[in-house]
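Trainee: sequence below, structure please.
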Amino acid sequence: MEESDYFQLVFYGSSVTFVGAYFFQSWLLYRLSLKFNPEADWVPQLLPGYALVLLCRQLELSPWLALGLFLPISYPFFAPYLFYRLAKVLYKRPYWLWALGMTLLPPLFVFPALDDSQPGEEPQAAEELDEEMAEVFTATPPLPTPPEDPAATAFSNIPSPSPIQANAPELPVSIQVQLLVPDNQKPPWLLPLEGLALGRDPQAAQILLDDPQVSKVHARLLPNLGEGSPILLEDLKSKNGTYYQRPSSQHWYKAVPHLKVLLPFKSKIRIGESVFLLLSGQNQALSTDQETAPAEKANESTV
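Mentor: As a prediction, the model looks like this:
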């Protein structure tokens with residue numbers, strides 16, 4: 001083999017390796033984006049450098065931090081901080097060990113991108129809560145027996161969001177939001193396509209919470225029409241945070257503001273002193289009276 005052919009072979013081999021590695025890195029960053037936003041698009045992940053800017057924004061860091069990752073002088077300082085924040089949001093303990101590992105061994109980046117971890121801060125164990133709330137979390141009180149005609153009775157006196165459009169897609173399974181604490185005898189709220197807001201402001205929230213720990217518009221629940229778990233929870237930069245517990249976990253996780261969290265049925269949500277349970281049920285159409293009820297009447301029920 002001539003020397004020119006050898007250099008040509010090395011050049012083509014290096015080019016293919018570089019392009020393959022770049023697309024693989026873009027795919028990993030896209031997988032991470034799906035954890036923070038289920039509706040994330042894969043095209044921005046292909047833009048050089050912009051994928052790291054998006055990652056910094058998702059982690060609530062300055063986008064200028066991404067610039068420091070491309071400079072050899074600043075990389076040893078900026079990369080550990082970025083990976084530390086990523087490990088903490090995805091609850092990868094010990095945080096600094098993960099941060100140093102991903103900085104020194106970039107292939108470790110594959111694990112947080114491909115595993116089933118979800119965004120959330122350090123979990124709060126139920127036994128660490130006060131005694132009264134811990135009893136509720138460990139022994140949920142029995143739910144009331146649903147009436148025979150839920151369309152006419154169960155949802156007649158509860159806050160109702162704006163009417164669902166006639167041409168809007170229907171949910172295959174209805175989603176109910178049941179209050180557990182402080183009064184589990186209240187009828188459940190039906191989660192519509194446009195979602196439900198929880199808070200203290202009667203003009204903006206469909207589920208009113210009379211609690212000083214709750215922000216005016218604290219959090220929002222949305223049905224997930226795509227793949228994955230059926231419910232989306234979003235904390236709207238509340239002052240005291242929004243906590244959630246999946247049915248397979250004994251820990252409470254704090255939702256990251258403006259990062260939608262996928263939740264399955266039988267998950268619990270804690271906002272201030274109120275705890276909600278997310279249930280499934282057969283899809284029932286709202287009655288005509290409920291669809292035409294004014295907003296003032298819909299906001300009469302307060303937790």
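
Trainee: buried ones in stretch 235-253?
Mentor: Applying a neighbour-count criterion of 16 or more other CB atoms under 10 Å, the buried positions in stretch 235-253 are D235, L236, S238, G241, T242, Y243, Y244, Q245, R246, W252, Y253. Where C-beta positions appear, they are placed from N, C-alpha and C, glycine not excepted.

Trainee: give me the beta-bridge partners of L222?
Mentor: Beta-bridge partners of L222, counted by DSSP bridges, are L232.

Trainee: taking the buried residues of stretch 235-253, tell me the two that lie furthest apart.
Mentor: Farthest apart among the buried residues of stretch 235-253 by CB to CB are L236 and R246. That separation is 20.8 Å.

Trainee: now the helices for the chain?
Mentor: Assigned by DSSP state H, the helices in the chain fall at 3-36, 50-58, 64-68, 75-89, 95-104, 110-114, 131-138, 288-291, 295-298.

Trainee: just checking, what packs against the second one?
Mentor: Spelled out, it's helix 50-58. Using 3 or more CB pairs under 8 Å, 6 or more residues apart in numbering; DSSP states H and E as the contact definition, the elements that helix 50-58 packs against are helix 3-36, helix 64-68, helix 75-89.

Trainee: ok, which of those helices comes nearest L222?
Mentor: When these are ranked by proximity to L222 (CB to CB), helix 3-36 comes first, at 15.0 Å.

Trainee: which regions of the stretch 51-200 of the chain sit below the pLDDT cut-off?
Mentor: In the predicted model, the stretch 51-200 of the chain carries pLDDT under 70 at residues 120-172.

Trainee: what do you get if the cut-off is 80, keeping everything else the same?
Mentor: Applying pLDDT under 80 to the stretch 51-200 of the chain flags the ranges 58, 60, 90-93, 116-173, 183-185.

Trainee: just the stretch 201-303 of the chain next, same as before
Mentor: Scanning the stretch 201-303 of the chain residue by residue, the ranges that satisfy pLDDT under 80 are 226-228, 249-251, 281-303.

Trainee: and among the helices and strands packed on helix 50-58, the most buried is which?
Mentor: Burial of the helices and strands packed on helix 50-58 is given as mean neighbour count (mean count of other CB atoms under 10 Å); helix 75-89 ranks first at a mean of 18.

Trainee: C-alpha coordinates for that one, PDB please?
Mentor: Extracted as PDB, the C-alpha positions of helix 75-89 are listed here (Å, rounded to 0.1, in the frame of the first residue of the first chain):
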ATOM      1  CA  TYR A  75     -13.500  22.500  30.500                       C
ATOM      2  CA  PRO A  76     -12.100  21.100  33.800                       C
ATOM      3  CA  PHE A  77     -14.100  23.700  35.800                       C
ATOM      4  CA  PHE A  78     -17.300  23.900  33.800                       C
ATOM      5  CA  ALA A  79     -17.900  20.200  32.900                       C
ATOM      6  CA  PRO A  80     -18.000  18.900  36.500                       C
ATOM      7  CA  TYR A  81     -20.500  21.600  37.500                       C
ATOM      8  CA  LEU A  82     -22.700  20.800  34.600                       C
ATOM      9  CA  PHE A  83     -22.600  17.000  35.200                       C
ATOM     10  CA  TYR A  84     -23.100  17.600  39.000                       C
ATOM     11  CA  ARG A  85     -26.300  19.400  38.300                       C
ATOM     12  CA  LEU A  86     -27.400  16.700  35.900                       C
ATOM     13  CA  ALA A  87     -26.700  14.000  38.400                       C
ATOM     14  CA  LYS A  88     -28.600  15.900  41.100                       C
ATOM     15  CA  VAL A  89     -31.700  16.500  38.900                       C
END
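
Trainee: and the angle from that helix to helix 95-104?
Mentor: Angle, helix 75-89 to helix 95-104, by axes from the mean of the first three to the mean of the last three CA atoms, to 10 degrees: 130 degrees.

Trainee: quick one: list the elements packing against helix 75-89.
Mentor: helix 50-58, helix 64-68, helix 95-104.

Trainee: let me know whether I231 touches L262 as I believe.
Mentor: Yes. Shown here, I231 and L262 form a contact pair, counting by CB atoms under 8 Å, at 7.3 Å.

Trainee: the more surrounded of these two?
Mentor: Neighbour tally, I231 and L262, criterion other CB atoms under 10 Å: the higher count belongs to I231, 24 against 20.

Trainee: now the more buried one: how far from A40?
Mentor: As for I231, its distance to A40 is 18 Å (criterion: CB to CB, to the nearest Å).
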